[in-house]
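K.L.:
Got a predicted model here, sequence first, then my questions.
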Amino acid sequence: MSDIASSAPASRRAGGFSGWIATQAGILLTATVTIALALKFLLVFRININWDEFYYLSFVQDYLRGTVSDRFQTLHVHFFAWLPMAAAKDEIGQILLARLVMAGCASASALLLYGIARRFLSRDGALFGLLGYLATTAVIEHGTSFRTDSIATVLVLLALFLILRRPGGAVGAAVAGLAMAVAAMITIKTAFYVAVMAPLIWFLGRDVRDRARLALAFGACLVLAFAAIYWLHVSTLAPPGPSNATHYLQGAASKVFFEDGLFPRWAELLINLAQNPLFWLLTLQGVWVARQAVRADETGSRRDRWLLLLLALPILTPLFYRNAFAYYYAFILPPAAVLIGMAYERYRRQALESNEPRPFRLLALLLCLQCGVFLYQSGRNLPDAIEPQRATLDAVHAVFPEPVPYIDGYGVVASFPRTGFFMSSWGVSEYREAGTPIFRDLVAKAQPPLLLADSPSLYAALVPGVTVVPERELLNADIAFLRDNYLQHWGMVFVAGKTIELPALGEKVAFDVAIAGDYRLESAIPVHIDGKELAPEGVVTLAAGTHSILADRATGPATLRWAGALPAPDTAPTDIWAFFSAGN
């Protein structure tokens, strides 16, 4: 029972209705946190699926096809290899099933965060800090996403719980090293938490010998477990490409740290600050409260407050981390939530020590604000934002009932074999820096009859009137090649084909075919292709290479469309802005 609840009569007299709210803080916070955890499982089916969730699923499908060679950040393929064999047969259904697993991970993360907070705070303070974390936009919108961060967060918090709470000591440090090793194999950004382990162990140890024992237990288990997991994982993958693991890590490190200067994702940081002002204000106040406590005379209090400040250090990483996108904050904010609880404890203590109504009103206002923020942020995500994505993928599977090779930016049609590169900002940056057109060679090798314009770069290349910032544009030669060899079939869905202008005098026109196969003629009059007459709606088999077309007269363009593409659905086409909401 909280201290305020134990002095309920005095609280009611001092604060009236506000005092009553303060006495019910434990019940109010417990109920709201319970609702928050339950809503996670509901919002799984409502929040728009991010492009990298589709990409994450594509690794699972590629692993089952035996084509995954990436050594790092692909460990999840073993955890989710069952998805394609589950009841959900399409990509949306598989991602929703995976999200349910992630919602379980997020719930476990919340319980672990509460357990960590209880080392430093009262029950109400720990619950308030946890609710502050659960109410942030990043956690509500991305906390159950099907991506690396959701799994890594629970593993990192498990490691911190093991070393800070139970079992603690050398055993806790050893198991924490194992948990960190798995997290590091899942995402390299776990390094931010590994970096705080050394000073954490220093403050936890009683003397030099104890610190050495903890550091050895943690470090040995981390290194040995990481090496063993890496070896076992690699043994199941396809042979690697030209770049080895060391080259990958060096390249990733140089790309994500300081390459773009300080605050490389300043826009995302400002948005997070604007959307979660209460969280950040209370975090700053918690830092001040902890810093004041560090100056206290009590050794135990000083040590715990230093631990709090150390745990919160990852929130500084947006200063230099290039990939500090919106979803990243769900990974780095948990320890900061303990600081929020520390700020709440200060208001609670002021109310306990005062018989005036003002501290109780302030405490009640803080409780209501925090609960209100959570309800508002959750409510705005309740409308179904997945339906346009489901409609688009239904259209793809209606046009191509059987898997075919395809081009896209993010691996959205995971059940189809994909060609091309991952068109994140990082991927497009490397593509443009290389300065070499790639799609002619990719198409010649894979022969993809389908192109899904699911990335801004592809969408701008193929849809007239759409532009993107220069750093996201494809090279001109690639734009020209794709426009010449693919036709819009339905919204974002493009199929192999081309439109040929017929000259007025009935002259023979040469044209190139990049994707060999059967094409259907869409024309008002018969034409001759390679000397053979073809009636409208007729099908001709064309090899890759140069062909000729001839018509008796010009009646507009003649279109050759991939014959294997079934008619598009009658539903209204979706575009990239409907497929990926503004939050993506």
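P.N.:
Perfect, I can see it now.
K.L.:
residues in contact with Val493?
P.N.:
392, 395-396, 399, 450-453, 568, 573 (CB atoms under 8 Å, 6 or more residues apart in numbering). All C-beta atoms are positioned from the backbone trio N, CA, C, and that covers glycine.
K.L.:
how about it, phi and psi?
P.N.:
Backbone geometry at Val493, expressed as degrees, to the nearest 10, gives phi -90, psi 120.
K.L.:
and it, bridged to which residues?
P.N.:
Leu452, Trp490 (DSSP bridges).
K.L.:
So which of the contacts of Val493 belong to helices?
P.N.:
Using DSSP state H, the subset of these located in helices is 392, 395-396, 399.
K.L.:
how about the residues you listed in CSV, adding neighbour count, pLDDT and distance to Arg213?
P.N.:
Formatted as CSV, these follow (neighbours: other CB atoms under 10 Å; pLDDT from 0 to 100; distance: CB to CB, whole Å):
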residue, neighbour count, pLDDT, distance to Arg213
Thr392, 26, 94, 56
Ala395, 21, 95, 61
Val396, 24, 96, 57
Val399, 21, 97, 63
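K.L.:
Distance to Pro359 added to those residues, as a markdown table?
P.N.:
Formatted as a markdown table, the ones in helices among the contacts of Val493 follow (distance: CB to CB, whole Å):
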| residue | distance to Pro359 |
| --- | --- |
| Thr392 | 54 |
| Ala395 | 59 |
| Val396 | 60 |
| Val399 | 65 |
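K.L.:
Kindly indicate which of these lies nearest Leu487.
P.N.:
If you rank the ones in helices among the contacts of Val493 by distance to Leu487 using CB to CB, Val399 comes first, at 12.0 Å.
K.L.:
dump the residue contacts of that closest one.
P.N.:
So Val399 contacts 450, 489-490, 493, 495, 565-568 (CB under 8 Å, 6+ apart).
K.L.:
of all those residues, which comes closest to Ala460?
P.N.:
Closest approach between those and Ala460, by CB to CB: Val493, at 16.3 Å.
K.L.:
Do you know the pLDDT at the closest one?
P.N.:
If you check Val493, the pLDDT there is 97.
K.L.:
what's the spacing between it and Phe72?
P.N.:
Here Val493 is placed at a distance of 33 Å from Phe72 (CB to CB, to the nearest Å).
K.L.:
what do you get for Pro383?
P.N.:
Distance, Pro383 to Phe72, using CB to CB: 36 Å.
K.L.:
Show the residue spans covered by the helices in the stretch 201-350 of the chain.
P.N.:
Taking DSSP state H, counting those that start in this stretch as the criterion, the stretch 201-350 of the chain carries its helices at 208-234, 245-256, 266-275, 277-294, 299-311, 329-332, 334-352.
K.L.:
Show me what counts as buried in the fourth one.
P.N.:
Think helix 277-294. If you call a residue buried by 16 or more other CB atoms under 10 Å, then helix 277-294 has these buried ones: 278-280, 282-283, 285-287, 289-290, 293.
K.L.:
want to throw the residues you listed into TSV with pLDDT and distance to Ala215?
P.N.:
As requested, the buried residues of helix 277-294 are arranged in TSV below (pLDDT from 0 to 100; distance: CB to CB, whole Å):
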residue	pLDDT	distance to Ala215
Leu278	96	38
Phe279	96	33
Trp280	96	33
Leu282	96	33
Thr283	96	29
Gln285	94	33
Gly286	93	28
Val287	92	27
Val289	89	30
Ala290	85	24
Ala293	69	26
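K.L.:
Compile those residues into TSV and extend it with columns for distance to Tyr329.
P.N.:
Formatted as TSV, those follow (distance: CB to CB, whole Å):
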residue	distance to Tyr329
Leu278	15
Phe279	10
Trp280	11
Leu282	15
Thr283	12
Gln285	19
Gly286	17
Val287	17
Val289	22
Ala290	21
Ala293	26
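K.L.:
buried residues in stretch 441-451?
P.N.:
Buried residues in stretch 441-451 (16+ other CB under 10 Å): 442-443, 446-451.
K.L.:
same thing with stretch 480-499?
P.N.:
Along stretch 480-499, these residues count as buried under the neighbour rule (16+ other CB under 10 Å): 481-482, 485-498.
K.L.:
any idea which residue sits dead centre in this structure?
P.N.:
Arg147 (5.0 Å; CA atoms, centre = their mean).
K.L.:
So Pro383 and Phe72 - more neighbours on which side?
P.N.:
Phe72 (16 against 10; other CB atoms under 10 Å).
K.L.:
Make sure that one is actually in contact with Ala184.
P.N.:
No. Taking contacts as CB atoms under 8 Å, Phe72 lies outside contact range of Ala184: 9.1 Å.
K.L.:
so which helix or strand takes in the closest residue to Val33 other than its chain neighbours?
P.N.:
Spatially, and ignoring its direct neighbours in sequence, Val33 is nearest to Leu131 (5.5 Å; CB to CB, 6 or more residues apart in numbering). Counting by DSSP states H and E, the element that carries Leu131 is helix 123-134.
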